[in-house]
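**Q** A structural model of the following input is requested.
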Amino acid sequence: KTSNGSRIYSKQKSTSIMSVTSAAATIDELELLPNMDELHNYDKHKQLGTGTDAHVYEVVDRRDKSHVAMKLTKRKSGRYRTEIHLLHQLRTCQYIVKLLKVLEDSSVYVLILEQ
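**A** The predicted model follows:
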């Protein structure tokens, strides 16, 4: 923690998701995930929200110009595996956002969701 109480995360590996100096800092996690070539199919437009372990962005799929949400989450707990499983199980429910794709590496999950 810094003197003003904000947390500092530093890039530990090339695939690390977080590199921020304060909660309000602008970060670009997509550039920190060089081994996920699939991410180059998306253009980040704006941040939709943040949480303790996740950032959500509005992105445009370059292939079909569709607007989708991209959720980047640290892979440190089983909580996101549960979220992925539940979204898959509830995929036919009209009131639940659709999970379109999941990408992962050793440190991060990337969920592509309908917006």
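
**Q** give me the residues contacting stretch 62-73.
**A** When contacts are taken as C-beta atoms under 8 Å, 6 or more residues apart in numbering, the neighbours of stretch 62-73 outside the stretch itself are 17, 29-30, 41-45, 48, 53-61, 80, 97, 100, 108-115. (Each C-beta comes from the backbone N, C-alpha and C, glycine too.)

**Q** which of these count as buried?
**A** Buried positions within the contacts of stretch 62-73, assessed by neighbour count (16 or more other C-beta atoms under 10 Å), are 17, 29-30, 42, 53-57, 59, 61, 80, 100, 108-113.

**Q** which of those residues fall in helices?
**A** Filtering the buried ones among the contacts of stretch 62-73 for membership in helices, criterion DSSP state H, returns residue 80.

**Q** from the buried ones among the contacts of stretch 62-73, which land in strands?
**A** With strands defined by DSSP state E, the entries of the buried ones among the contacts of stretch 62-73 inside them are 42, 54-57, 59, 61, 100, 108-113.

**Q** list just the nearest of those to residue 36.
**A** residue 110 (6.8 Å; C-beta to C-beta).

**Q** show me the shaky parts of the chain.
**A** 1-35, 77 (pLDDT under 70).

**Q** could you rerun that using 80?
**A** Per-residue confidence of the chain (counting by pLDDT under 80) places the weak regions at 1-37, 75-78.

**Q** got TSV for the ones in strands among the buried ones among the contacts of stretch 62-73, with distance to residue 92 too?
**A** Formatted as TSV, these follow (distance: C-beta to C-beta, whole Å):
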residue	distance to residue 92
42	25
54	25
55	28
56	23
57	26
59	25
61	23
100	14
108	28
109	22
110	23
111	18
112	18
113	15
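
**Q** identify the farthest-apart pair in those residues.
**A** Comparing all pairs in those by C-beta to C-beta, the longest separation belongs to 54 and 61, at 20.1 Å.

**Q** give the contact list for residue 101.
**A** Taking C-beta under 8 Å, 6+ apart as the test, what residue 101 contacts is 38, 111-112.
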